[in-house]
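Asker: predicted model, plus sequence, below.
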Amino acid sequence: MKPKTDQAIQTKQILAEKVTRLAESAQVRNFTGKAKVLRLEVPISSTDALSWLAVQPGLMKFYWANRERNLETAAIGQADRIVSDGSTDHDALFDRLTQKLSSTDGEIRYYGGMRFDLHRVADGAWRAYGSYRFFLPRFELCLRGGKGSLACNLRLSRGKAFSLSTILAELDALLFPRAERDAKMPRLVKREDTPDRATWGQNLNRALASLEQGVYTKIVLARKSALEFDSKLNPFILLRSLKTATKDCFHFCFVPETATAFIGASPERLYARDGRNLKTEALAGTRPRGSNRKTDEQLGQELLQSEKDIREHRLVVDGIREALSPLCQTLQAEDGVRLLRLSQSQHLLSAFQAKLNGGITDGQLLGRLHPTPAVGGYPTTNAVAEIKRLESFDRGWYAGPIGWVGRDKAEFAVAIRSGLVEESRLYLFAGAGIVKGSTAKGEWNEIENKISDFIKVLAGS
């Protein structure tokens, strides 16, 4: 991509001047207090965030676009980070995050995510992602409400000044590309599913037997589809095409310090918090979209009237209510169930709004909410234990929380409909809720429908 010139140079010059003035100020030179984060930003004209992120040098990149399409962020580099590679819990993570965010303003965010199971050891390409990984980016391109800004985050700590020359060099290296047409997708040459259809059937029969015995009332079993291509995949080009095809979703891409990328288009919000105000939702039950309006309506009505799917959805609703009630002053679910219609599928959706009790932390919220019955099962402990026994692959960050945390706000999506890009390989992950009445064929086809957005984009259709 060809770089922009005059405007990009001017933007970087203005930000460089701000950084220099701050570095030379008494506030920084004489700093002796507790560690704190400072944020400098300048306005920027409309810029394609994915194109901008794709061409930046180095690793450690994060892209986030919320479902309402009023916040889009492209982040690169590290001003600070919080990482764990071993067995841990949500409280340990958020104790560290809360401490770091205590002296920041509302615009400063740590971006990242965590494994579906914080107590399972990562394997393969997932090792680079750790149990959890959150970082304060050095540079952030934010697009909100039609306005853009380029920000630089600086962390001050006692006895450790930031290097002005290093930051100015990093700023100078930022590129501002002109939008160009994306290259074609590479050609798919091989696909392998884990489990295969035969093993899937065996796993489902074991799960149904446990359902009959009352071990759990729902379990979500996942599948990993390994796709091999004839050349290297560009995760940003793939995500751009996926974003075009999946309008009403959270879109994300996380590139750690290795040449892999975790990308996805998730329809499911785990929660959004603004102070003590909380939004979350129950999403369960699936039908494909119809080939025409009449068929589409019929499939939607079939879903709304399906005893099996309504029962599965109610388990998620009850699970969320049970998890949140001890933490909330008020907790309300919208009346009835409505359809969430996506490009390739439609789901049953019930939204919740809550007022949290004073002092409730994001660590407590995640500890109670994740995994919801929509991605784990119910009761959670029994279902997750069975998942460990039946699934031979590492879910990694699939179905885990991904998003951002600020001092008074946070938002997380559930990282479903996601994939791990590694050179010329793409590992797709999707799951299906198993309840009484589920069939191996029906749930296999449901997963196939859930990964169809990726498959169609890769096929160029």
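Answerer: That came through fine. Numbering: from 1, shown residues only.
Asker: what packs against the helix or strand harbouring Thr98?
Answerer: Per DSSP states H and E, Thr98 falls inside helix 90-101. Packing partners of helix 90-101 (3 or more Cβ pairs under 8 Å, 6 or more residues apart in numbering; DSSP states H and E): strand 80-84, strand 110-114, strand 132-136, helix 362-369, strand 401-405. Heads up, the C-betas are built off the backbone N, CA and C, glycines and all.
Asker: the longest one: how far from the chain's middle?
Answerer: Okay, so that is helix 362-369. 16 Å (Cα atoms, centre = their mean, to the nearest Å).
Asker: stretch 209-229 too?
Answerer: 21 Å.
Asker: go through that stretch and flag the buried ones.
Answerer: For stretch 209-229, the neighbour count (16 or more other Cβ atoms under 10 Å) marks 210-211, 215-227, 229 as buried.
Asker: quick check: mean pLDDT of it?
Answerer: The pLDDT scores in stretch 209-229 average 96.
Asker: that stretch: end-to-end distance?
Answerer: For stretch 209-229, the separation between the terminal residues is 38 Å (Cα to Cα, to the nearest Å).
Asker: number the residues from 224 up from this point.
Answerer: New numbering, starting at 224: the last item is stretch 432-452.
Asker: ranges for the strands of the stretch 424-573 of the chain?
Answerer: Counting by DSSP state E, counting those that start in this stretch, the stretch 424-573 of the chain has these strands, from start to end: 441-452, 473-478, 483-489, 492-497, 500-511, 551-556, 561-564, 568-579.
Asker: so for Leu366, which of the ones you listed sits nearest?
Answerer: Among the strands of the stretch 424-573 of the chain, the nearest to Leu366 by Cβ to Cβ is strand 473-478 (12.8 Å).
Asker: and the contacts of the closest one?
Answerer: With contact meaning Cβ atoms under 8 Å, 6 or more residues apart in numbering, strand 473-478 is reached by 276, 282-290, 334-336, 352, 356, 458-459, 462, 465-466, 484-492, 620, 625-626, 636, 638.
Asker: partner strands of that strand, parallel or antiparallel?
Answerer: Using DSSP bridges, strand 473-478 pairs in its sheet with strand 284-288 (antiparallel), strand 483-489 (antiparallel).
Asker: now those as a markdown table including distance to Ser568 and mean neighbour count?
Answerer: Formatted as a markdown table, those follow (distance: least, Cβ to Cβ, whole Å; neighbours: other Cβ atoms under 10 Å):
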| stretch | distance to Ser568 | mean neighbour count |
| --- | --- | --- |
| strand 284-288 | 20 | 24 |
| strand 483-489 | 11 | 25 |
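Asker: dump the residue contacts of Gln569.
Answerer: Shown in contact with Gln569 (Cβ under 8 Å, 6+ apart): 509-512, 519, 522-523, 526, 562-563.
Asker: can you give me the buried ones in the helix or strand hosting Ile232?
Answerer: Assessed by DSSP H and E, Ile232 sits inside helix 229-246. Buried residues in helix 229-246, counted by 16+ other Cβ under 10 Å: 231, 234-235, 238-239, 242, 245-246.
Asker: go on, stretch 280-300?
Answerer: Using 16+ other Cβ under 10 Å as the test for burial, stretch 280-300 gives 282-290, 295-300.
Asker: and Thr481, how many neighbours?
Answerer: Per other Cβ atoms under 10 Å, the neighbour tally for Thr481 reads 13.
Asker: again with Asn457
Answerer: Asn457: 16 surrounding residues under other Cβ under 10 Å.
Asker: how about Ala482?
Answerer: Per other Cβ under 10 Å, the neighbour tally for Ala482 reads 14.
Asker: what's near enough to touch it?
Answerer: Shown in contact with Ala482 (Cβ under 8 Å, 6+ apart): 282, 645-646.
Asker: 10 Å - rerun?
Answerer: Applying Cβ atoms under 10 Å, 6 or more residues apart in numbering, we find Ala482 in contact with 282, 348, 351, 455, 458, 644-646.
Asker: turn the helices and strands packed on helix 313-324 into TSV, columns for mean pLDDT, distance to Gly656 and mean neighbour count.
Answerer: Converted to TSV, the helices and strands packed on helix 313-324 look like this (pLDDT from 0 to 100; distance: least, Cβ to Cβ, whole Å; neighbours: other Cβ atoms under 10 Å):
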stretch	mean pLDDT	distance to Gly656	mean neighbour count
strand 303-307	91	29	17
strand 333-337	96	22	24
strand 355-359	94	25	25
helix 585-592	93	17	20
strand 624-628	97	19	24
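Asker: any chance of the ones you listed in CSV, plus distance to Val539?
Answerer: Shown next, in CSV, are the helices and strands packed on helix 313-324 (distance: least, Cβ to Cβ, whole Å):
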stretch, distance to Val539
strand 303-307, 28
strand 333-337, 20
strand 355-359, 24
helix 585-592, 11
strand 624-628, 16
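Asker: so which of the ones you listed comes closest to Met408?
Answerer: Set against Met408 and scored by Cβ to Cβ, the helices and strands packed on helix 313-324 come closest in strand 624-628, at 24.0 Å.
Asker: run the angle between that closest one and strand 333-337 for me.
Answerer: Interaxial angle of strand 624-628 relative to strand 333-337 (axes from the mean of the first three to the mean of the last three Cα atoms, to 10 degrees): 160 degrees.
Asker: strand 624-628: how far from the chain's middle?
Answerer: Per Cα atoms, centre = their mean, the centroid offset for strand 624-628 relative to its chain is 6 Å.
Asker: same check, this time on stretch 562-575
Answerer: Chain-centre distance of stretch 562-575: 18 Å, with Cα atoms, centre = their mean.
Asker: pretty sure Glu669 is touching Glu535, no?
Answerer: No: between Glu669 and Glu535 there is no contact under Cβ atoms under 10 Å: 11.2 Å.
Asker: kindly check the end-to-end length of stretch 393-409 for me.
Answerer: End-to-end distance of stretch 393-409: 32 Å, with Cα to Cα as the criterion.
Asker: go through it and flag the buried ones.
Answerer: 393-394, 397, 399-400, 408-409.
Asker: reformat these as CSV; add pLDDT and secondary structure.
Answerer: As requested, the buried residues of stretch 393-409 are exported to CSV (pLDDT from 0 to 100; DSSP: H, G, I helix; E, B strand; the rest coil):
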residue, pLDDT, secondary structure
Glu393, 94, helix
Leu394, 94, helix
Leu397, 93, coil
Phe399, 87, coil
Pro400, 79, strand
Met408, 85, coil
Pro409, 91, coil
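Asker: which members of the contacts of Ala482 define the maximum pairwise distance?
Answerer: Farthest pair in the contacts of Ala482, by Cβ to Cβ: Ala351 and Lys455, 17.2 Å.
Asker: the two - which one has more neighbours?
Answerer: Between Ala351 and Lys455, counting by other Cβ under 10 Å, Ala351 is the more crowded of the two (20 against 12).
Asker: enumerate every residue touching that one.
Answerer: Taking Cβ under 10 Å, 6+ apart as the test, what Ala351 contacts is 282, 308, 345, 478-483, 485, 619, 643, 645.
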